[in-house]
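S.K.: Show me how the following folds:
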Amino acid sequence: MDTLQLKTVSTVDAVCEALEHDIFFNLTPGEKITENSLNQRYGVSRNTLREAIAYLISSGVLVKIANRGVFVREINREDVREIFSLRALIEAEAIKRIIEIDAPTDELSEKAALLEKAKPYDNWNEYVQTDMDFHSLLVSASKSSRLCRIYDAIKGEVMLCICQSKRHIPPTSVNGVSHKEILDAVAKKDATLASKLLRKHIESAISNYEKGFDEENGT
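M.R.: So this is what the prediction gives:
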């Protein structure tokens, strides 16, 4: 891998961000990573690398196997269902709070508009990041620090599920329409409908992933 120029922030944070991006978009599921290869790519100390690796192991995107090393976590169909089901619970609660406090949704509408116009076949990585940004904004708009902390704890795994799904299912732009429908229900202060649409949106994603896994494995 080529050497990268890191941003002028905390070195550990910069390495975490850069390595996480590589895990999502450049490395393959189950790929082994070593301190030597990361040192060549990022040009930082081994202590910094170890801190970054430890953080990404704790966030669920890397896995350490005794006597073998550290690997990119490979998502399976059970992971997708559990992670996305948790995601649905958190985001549904966020929607309820957004309506209760009448939180502004301008940024969410902008992201939804971008998703509706986006062409995932042209720039899949950008589309995925915009999709993740929408859902992160949905939770942060609730103004609940606890919800945000809980969501941050699974956000890496959510992104890993989405990125690794490209192996199993083709990119689709249907999400843009789903997001707009959810926001329309929020604007009408209809928490029940908005939560129902959100769960339908996420259940559809789970179903597509599971179908993709089954087809790949011939089951």
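S.K.: If you count contacts, what does the helix or strand of the chain with the lowest mean pLDDT end up packed against?
M.R.: The weakest-scoring helix or strand in the chain, judged by mean pLDDT, DSSP states H and E, is helix 174-187 (a mean of 83). Helix 174-187 sits against helix 77-101, helix 106-117, helix 191-217, with contacts defined as 3 or more Cβ pairs under 8 Å, 6 or more residues apart in numbering; DSSP states H and E. C-beta: built from backbone N, CA, C; applies to glycine.
S.K.: need the contact list for the spatially most central residue of the chain.
M.R.: Centroid check for the chain by Cα atoms, centre = their mean gives residue 159 as the closest residue, at 2.2 Å. Residues in contact with residue 159 (Cβ atoms under 8 Å, 6 or more residues apart in numbering) are 24, 61, 128, 132.
S.K.: One more: residue 140?
M.R.: Residue 140 neighbours (Cβ under 8 Å, 6+ apart): residue 148.
S.K.: quick one, phi psi at it?
M.R.: phi -70, psi -30 (degrees, to the nearest 10).
S.K.: what pLDDT does the residue of the chain most remote from its centre get?
M.R.: Distance from the centre of the chain peaks at residue 67, with 29.4 Å (Cα atoms, centre = their mean). Residue 67 is assigned a pLDDT of 92 by the prediction.
S.K.: out of the helices and strands packed on helix 174-187, deepest packed?
M.R.: Among those, helix 77-101 has the highest mean neighbour count (mean count of other Cβ atoms under 10 Å), at a mean of 18.
S.K.: Can you spell out which helices and strands pack onto that helix?
M.R.: By 3+ Cβ pairs under 8 Å, 6+ apart, helix 77-101 packs against helix 124-140, helix 145-164, helix 174-187, helix 191-217.
S.K.: Give me the mean pLDDT for that helix.
M.R.: 95.
S.K.: got a list of what the nearest residue to residue 95 once chain neighbours are set aside touches?
M.R.: Taking Cβ to Cβ, 6 or more residues apart in numbering, and ignoring the residues beside it in sequence, residue 95 has residue 194 as its nearest neighbour in space, at 4.9 Å. The contact partners of residue 194, by Cβ under 8 Å, 6+ apart, come to 95, 99, 182, 185, 186.
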